[in-house]
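Visitor: Just need the structure, nothing else, for what follows:
(chains A, B and C)
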Amino acid sequence: MAIERHDIGPRMSKAVVHGNTVYLAGIVADNPKGKSVSEQAKSILGQIDALLAKAGSDKSKLLSANIWITDMANFAEMNAVWDAWVSPGHTPARATVEARLAAPDYKLEIMVVAAK
Amino acid sequence: MAIERHDIGPRMSKAVVHGNTVYLAGIVADNPKGKSVSEQAKSILGQIDALLAKAGSDKSKLLSANIWITDMANFAEMNAVWDAWVSPGHTPARATVEARLAAPDYKLEIMVVAAK
Amino acid sequence: MAIERHDIGPRMSKAVVHGNTVYLAGIVADNPKGKSVSEQAKSILGQIDALLAKAGSDKSKLLSANIWITDMANFAEMNAVWDAWVSPGHTPARATVEARLAAPDYKLEIMVVAAK
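Guide: Numbering: from 1, shown residues only, chains lettered A, B, ... in the order given. Modelled structure (predicted):
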């Protein structure tokens, strides 16, 4: 099966397509400094929409999602943005756990697998 | 390839089947309050058995597992239940790390990928 | 689709092949005691090379990687080894978060999915 990569960097690619399965990198907010959890969630999900489009997929084809949040106190704020974003009836398997992320300005990171 | 979802909620689905691959959500114990790590592990693995059955799979077809445990001091107690549950000769790739979970009563969360 | 397992243990297998997709376990350094982050990263990536070879794959076919690091202060040291190891132009989707691991000597754990 063919492997197709998008936004290829020296450390990681932001999207990797293998046959009919799309693997995205863990996505964090653009310009996170001073952004709320809600704003970071919107930035992340917007990037995921764009990457899925590049890979020939969209959020109605999400299979699985891993969410890391730096403070579980922000779980409800993140979920409000997530719940408004997902495609009703086509929600992915999901797990959310607390973890410190690569830089202190990041409050949230989301990594998804989708079908093409 | 067809996508089939089970236990679909507005936030996530508990099982998503894509072709021959089954993605389960991160599963936590039912009624976790006051339950030991061992009891929570049994609750989780029982739910995983039921979800795999709905998806047309079973634990002998597990491919991969991610386990989050809130306190690594409970690693051996969790493993005793896990080791008794897995199908000998058919164990999945697995990683276990420590993380805080969505609510303080949860001591354990397990997310698996299986073949159909 | 056939499932093929390598380095099968009673708790987990180190590599599981499902059709054209290879799932590795979370790999930690051999003999971690006293080893630096850089040394642990080299041990882990060497083991991943060997497991991918057993599964009929190699690092140029990596699809996705999850990295857990016990202290984000060691992120740059880990990345230096990672960046020198990956196959240019064929980098996987990747996420790195901080987490405590199964034993205190481990500073790093890496779990990958690859194409065959």
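Visitor: Just the strands from chain A, written as ranges.
Guide: If DSSP state E is used as the criterion, the strands of chain A fall at A:3-8, A:13-18, A:21-24, A:62-69, A:93-98, A:108-115.
Visitor: does any part of the third one sit near chain B?
Guide: The reference is to strand A:21-24. Yes. Using C-beta under 8 Å from any C-beta of the partner chain as the criterion, contacts between strand A:21-24 and chain B involve A:Thr21. Every C-beta, even on glycine, is put in place using the N, C-alpha and C of the backbone.
Visitor: Tabulate the CA atom coordinates of that strand in PDB.
Guide: The C-alpha trace of strand A:21-24 is given here as PDB (Å, rounded to 0.1, in the frame of the first residue of the first chain):
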ATOM      1  CA  THR A  21      -5.900   5.300   6.900                       C
ATOM      2  CA  VAL A  22      -4.700   8.800   7.800                       C
ATOM      3  CA  TYR A  23      -2.400   9.400  10.800                       C
ATOM      4  CA  LEU A  24      -2.000  13.000  11.900                       C
END
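Visitor: Determine whether any part of it lies close to chain C.
Guide: Yes. Interface with chain C: strand A:21-24 contributes A:Thr21, A:Tyr23, A:Leu24 (C-beta under 8 Å from any C-beta).
Visitor: how about those in JSON lines, adding neighbour count and pLDDT?
Guide: Formatted as JSON lines, the residues of strand A:21-24 next to chain C follow (neighbours: other C-beta atoms under 10 Å in any protein chain shown; pLDDT from 0 to 100):
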{"residue": "A:Thr21", "neighbour count": "25", "pLDDT": "98"}
{"residue": "A:Tyr23", "neighbour count": "26", "pLDDT": "99"}
{"residue": "A:Leu24", "neighbour count": "27", "pLDDT": "98"}
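Visitor: Which one of the strands of chain A lies nearest to B:Asp49?
Guide: In this view, the strands of chain A are compared for proximity to B:Asp49 by C-beta to C-beta, and strand A:93-98 is the closest at 16.0 Å.
Visitor: which neighbours does the closest one have in its sheet, and in what orientation?
Guide: Partner strands for strand A:93-98, per DSSP bridges, with pairing direction: strand A:62-69 (parallel).
Visitor: Okay, angle between the strand it pairs with and strand B:108-115 too, please.
Guide: 160 degrees (axes from the mean of the first three to the mean of the last three C-alpha atoms, to 10 degrees).
Visitor: Could you pull up the mean pLDDT of stretch A:98-105?
Guide: Computed over stretch A:98-105, the mean pLDDT rounds to 98.
Visitor: any idea of the angle the lengthiest helix in chain A forms with strand A:13-18?
Guide: Of all the segments assigned as helix in chain A under DSSP state H, the longest by residue count is helix A:37-54. Comparing the axes of helix A:37-54 and strand A:13-18 via the same axes, to 10 degrees yields an angle of 40 degrees.
Visitor: Okay, buried residues for helix A:37-54 please.
Guide: Under the neighbour-count criterion of 16 or more other C-beta atoms under 10 Å in any protein chain shown, helix A:37-54 has A:Val37, A:Glu39, A:Gln40, A:Ala41, A:Lys42, A:Ser43, A:Ile44, A:Leu45, A:Gln47, A:Ile48, A:Leu51, A:Leu52 buried.
Visitor: what residues does chain A put near chain C?
Guide: Chain A has residues A:1, A:3, A:5, A:8-16, A:18-19, A:21, A:23-26, A:66, A:68, A:99-102, A:109, A:111, A:113 near chain C, with proximity defined as C-beta under 8 Å from any C-beta.
Visitor: ok so, going back, for the longest helix of chain A, what is the average pLDDT?
Guide: When pLDDT is averaged along helix A:37-54, the result is 98.
Visitor: For the residues of strand A:21-24 next to chain C, give me TSV that also has distance to C:Met72.
Guide: Output for the residues of strand A:21-24 next to chain C, formatted as TSV (distance: C-beta to C-beta, whole Å):
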residue	distance to C:Met72
A:Thr21	30
A:Tyr23	23
A:Leu24	21
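Visitor: Nearest to chain B among these?
Guide: Sorting the residues of strand A:21-24 next to chain C by how near they are to chain B, with C-beta to the nearest C-beta, puts A:Thr21 at the top with 7.0 Å.
Visitor: So the closest one sits against A:Val113, correct?
Guide: Yes. In this structure, A:Thr21 sits in contact with A:Val113. The criterion is C-beta atoms under 8 Å, and the distance is 6.5 Å.
Visitor: any shared contact partners between these two?
Guide: A shared contact of A:Thr21 and A:Val113, defined by C-beta atoms under 8 Å, 6 or more residues apart in numbering or on different chains, is any residue touching both; here these are A:Leu63.
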